[in-house]
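Participant: sequence first, then the predicted structure, then my questions.
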Amino acid sequence: MREFKIIVWIMICCFHFGFAQNETSNTCKGKIISYLDDMEKILSPKNNQVYYMKYSTNTVFFEEYKVPTSSTTTEMLISGDKVMMNDENMKIYGNQEEMFVVLPKANIIYWNDSDPRLFSDNNSQKKFLDIERSLLKSSSSITCDTKENQQEIIIFPNKDFEKKTGLLKQVLVYDLESKRVISVENRFNKKSKIKKQVVYYEVVDYNSNNKIKEPLNYVFNGTELKPAYKNFEIINNRKNK
């Protein structure tokens, strides 16, 4: 379940607010906070609405951990009661009753009970917005710099926030033509193994024509595993198997 929560937080990171050029720090901060308030109105898809996102994530670790830089490209669909996430390291297919976490490199499929609260406006998504508000309200400074058609917004947390989270700064890059954020960068201190993580948003569509299947239909053909998962081990963690 932790993997799904992290992915939902990444999705909500994709702000699509607009800024005027050459704003003061206070004005810039106020507009971001106002935007977060507006975001609560569209946290979850309504009725038959489907959200689609394609993004890439680049993660750099501190040298002493000797972990190579990680780069992944992810596609995600989310509706009011289902989710589908797909990248080379992990695939997630879920609804309000069950969730499959597929690890292709390990040939393992985890079959878990779901948590319907994950699809509620008052849970993972709202928690992310609350964390972002806390960052903004406790920030020591915010800068807004416009170059050509892009605006860079840099948020520096105060020492208390940095101590709690390890975050040194957050950098949002906003495209003035498409009117959306195209990347979010987080830099951390050595409280974290991660030195820098950048998410690049390639496609964000809040009215996608894509359809999300039931989780079982991604993994099984009837009672048999799909050919792509033929030799995978299934670890069934459901309470009622």
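Facilitator: Right, received. Where do you want to start? None of these values were measured; they are calculated from a predicted model.
Participant: low-confidence bits of this protein, can you list those?
Facilitator: 1-36, 38-43, 116-126, 241 (pLDDT under 70).
Participant: how does it look with 50?
Facilitator: The model of the chain has pLDDT under 50 over residues 1-24, 122.
Participant: hey, where'd the strands end up in it?
Facilitator: For the chain, applying DSSP state E gives strands covering 51-61, 70-78, 82-86, 91-95, 98-103, 108-113, 139-147, 150-157, 167-175, 180-188, 194-205, 220-221, 224-225, 233-236.
Participant: okay, now the sheet partners of the fifth one, with direction.
Facilitator: I take that to be strand 98-103. The strands beside strand 98-103 in its sheet (DSSP bridges) come out as strand 91-95 (antiparallel), strand 108-113 (antiparallel).
Participant: would you mind finding the most buried of these?
Facilitator: Of these, the one with the most neighbours on average (mean count of other C-beta atoms under 10 Å) is strand 91-95, at a mean of 22. Backbone N, C-alpha and C define where each C-beta goes, glycine included.
Participant: okay, angle between that one and strand 70-78 too, please.
Facilitator: Orientation of strand 91-95 against strand 70-78 (axes from the mean of the first three to the mean of the last three C-alpha atoms, to 10 degrees) gives an angle of 20 degrees.
Participant: distance check, the nearest residue in space to P215 that is not next to it in sequence against L216.
Facilitator: When the adjacent residues along the chain are set aside, P215 lies closest to Y93, with 4.0 Å between them (C-beta to C-beta, 6 or more residues apart in numbering). Note on Y93: its distance to L216, by C-beta to C-beta, to the nearest Å, is 8 Å.
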